[in-house]
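[1] Provided below are the primary sequence and the corresponding predicted coordinates.
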Amino acid sequence: MALIKHIAKVCKSKNAGPFDLTIDVVFDDDAMFERVRATGVLCPALFARLYGVAEADVLFTPYPAGRAFKATLPRLVPAGEIGDTDVYGAQQHAPLLDVDIPV
């Protein structure tokens, strides 16, 4: 088992407009990307559970050419609204960092 924070080259989040958030997980090489993809751990259900949204609302895309996975999901609080704690969405990747991947 390995935590995403130990095997991913990049794990980042950012706004995809004021109502959506995009999370990218990128790996150094094709072999690790394929090993992670084969586990099926990174999937819409994981993002839905971690971020408290409906699985149907998660747009999840594996991108082999970039050795990356991208998930776009609705923000629970729009950027800049009262109660928003991260106006840029730049710290929202944190729950993914401690996800265990059986590689």
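    Ah, there it is.
[2] find the nearest non-adjacent residue to Lys70, please.
    Nearest non-adjacent residue to Lys70, counting by CB to CB, 6 or more residues apart in numbering: Thr61, 4.7 Å away. Bear in mind the C-beta positions are built from the backbone N, C-alpha and C, glycine included.
[3] check contacts around the nearest residue to Thr85 once chain neighbours are set aside.
    Ranked by CB to CB, 6+ apart and with sequence neighbours excluded, the top spatial neighbour of Thr85 is Val77, at 7.9 Å. By CB atoms under 8 Å, 6 or more residues apart in numbering, Val77 lies in contact with 83-85.
[4] will you turn those into a markdown table that also has secondary structure and pLDDT?
    Below are these laid out as a markdown table (DSSP: H, G, I helix; E, B strand; the rest coil; pLDDT from 0 to 100):
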| residue | secondary structure | pLDDT |
| --- | --- | --- |
| Gly83 | coil | 94 |
| Asp84 | coil | 94 |
| Thr85 | coil | 91 |
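[5] now the helices: where do they sit in the protein?
    For the chain, the helices defined by DSSP state H occupy 4-7, 30-39, 44-51, 94-97.
[6] for Gly17, which of those is the nearest?
    Closest to Gly17 of those is helix 44-51 (CB to CB; 16.1 Å).
[7] and that closest one, what does it pack onto?
    strand 68-74, helix 94-97 (3 or more CB pairs under 8 Å, 6 or more residues apart in numbering; DSSP states H and E).
[8] thank you, goodbye.
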